[in-house]
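Undergrad: Provided below are the primary sequence and the corresponding predicted coordinates.
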Amino acid sequence: MAGLGYKDFTAGAVLTAAQVDGYLMEQAVMNFAGTAARGSALTSVQAAGMVAHVGGGTLTVYNGTSWAEVYPGTTSTSGLTYLTQATFSAASAVNVNDVFSATYDTYMLKGYFTASVQGGSKIRMRVSSVDNSTAGQYYYAGGNTRYTVSSTIAGSFGSTTATGFDFLGGDSATSYFEATFFEPFASRLTGLTCNNIFNRAGATDGFWQTNSGTTTVTTSYTGFSIVPASGTITGFLRVYGLRNS
């Protein structure tokens, strides 16, 4: 049922269920955590003209067949669209749900954190609020760690049996990072590249680390998590979508 437009209610008039639906519910701006949550809630009732806010700042409208972005809008000249953010403190894991969708093929993650225990962290792909942590479902094309001052290579790594993408090192000092997800929502292999700069307690040199890889399964993912090997992490992250055209 489409919205009924505008009505000037008079004192003493009977308010029917149909009027509540047609003048109020179907013409309200609804708020959802992401596109998946919107789809689950409105599958059987979506109608042309419905307006919904999703994620961290995207306004959408249903055109009768699909949801179209109103703001920032497909005519925006910006190639990078802010989607969501998270602030976390002493967290054993940071979960970001319902951020990947068919709207974008590529996503950028930026942020920083301080870890309570040295030992690195992993990014795990996530769907329906559940991590994919199955060993062997990730492949690492390679990575290495280099001292930022002396440029000496501190080590290299790679794995085909890990339970997530190797992501970050560091402990008492802040790790600054940026990562790019390639086609996480599409039903094909998901790729990831990551760069980060960090320190370790007692170290006289900083570290620069880079790695990249893909999943070995073609699951369509809607989110991700950052999981330290041990201890907790405290910091901040932002996620952006890169326009396809």
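TA: Everything's here; your move.

Undergrad: avg pLDDT for stretch 166-173?
TA: Mean pLDDT, computed over stretch 166-173, is 62.

Undergrad: now T214, what's its secondary structure?
TA: strand (DSSP: H, G, I helix; E, B strand; the rest coil).

Undergrad: An error on my part: the question was meant for G231.
TA: Classified using three-state DSSP, G231 is coil.

Undergrad: ok, it - contacts?
TA: S92, A115, S116, V117, G119 (C-beta atoms under 8 Å, 6 or more residues apart in numbering). Yep, even glycine has a C-beta here, placed from its N, CA and C like the rest.

Undergrad: Over to D131?
TA: By C-beta under 8 Å, 6+ apart, the contact list for D131 reads N95, R124, M125, G164, S225, V227.

Undergrad: Now for the third one, how many residues are close by?
TA: Meaning M125. Counted with other C-beta atoms under 10 Å, residues neighbouring M125 total 25.

Undergrad: quick one: the spatially most central residue of the chain and Y221, what's the gap?
TA: Nearest to the mean C-alpha position of the chain, by C-alpha atoms, centre = their mean, lies V99 at 4.0 Å. From V99 across to Y221, the span is 10 Å (C-beta to C-beta, to the nearest Å).

Undergrad: Among the contacts of G231, which lie within strands?
TA: Mapping these onto strands (DSSP state E) picks out A115.

Undergrad: Please identify which of the contacts of G231 is nearest to Y176.
TA: Comparing the contacts of G231 against Y176 with C-beta to C-beta picks out A115 as the nearest, at 12.8 Å.

Undergrad: how many neighbours does the closest one have?
TA: A115 has 26 neighbours, counted by other C-beta under 10 Å.

Undergrad: so A37 sits in a helix?
TA: Yes. Assigned with three-state DSSP, A37 falls within a helix.

Undergrad: Identify the residue nearest it in space, chain neighbours excluded?
TA: Spatially, and ignoring its direct neighbours in sequence, A37 is nearest to D98 (5.6 Å; C-beta to C-beta, 6 or more residues apart in numbering).

Undergrad: Report the contact partners of that neighbour.
TA: F32, A33, G34, T35, A36, A37, G55, T222, G223.

Undergrad: Report the lowest-confidence entry in those residues.
TA: Lowest pLDDT among the contacts of D98: G55, 76.

Undergrad: how does this structure divide up, domain by domain?
TA: Following the assignment in automatic domain parsing, the chain carries domains at 17-71, 80-242.

Undergrad: JSON lines please, covering the ones you listed and showing distance to K7.
TA: Below are the domains of the chain laid out as JSON lines (distance: least, C-beta to C-beta, whole Å):
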{"stretch": "domain 17-71", "distance to K7": "5"}
{"stretch": "domain 80-242", "distance to K7": "34"}
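
Undergrad: A11: which of those is closest?
TA: domain 17-71 (15.1 Å).

Undergrad: what's the span of that closest one from first residue to last?
TA: Chord length of domain 17-71, first to last residue, is 31 Å (C-alpha to C-alpha, to the nearest Å).

Undergrad: The helix or strand of the chain with the lowest mean pLDDT: what's the following helix or strand?
TA: When the helices and strands of the chain are compared on mean pLDDT, DSSP states H and E, strand 153-157 comes out lowest with a mean of 51. Per DSSP states H and E, the first helix or strand lying C-terminal to strand 153-157 is strand 165-168.
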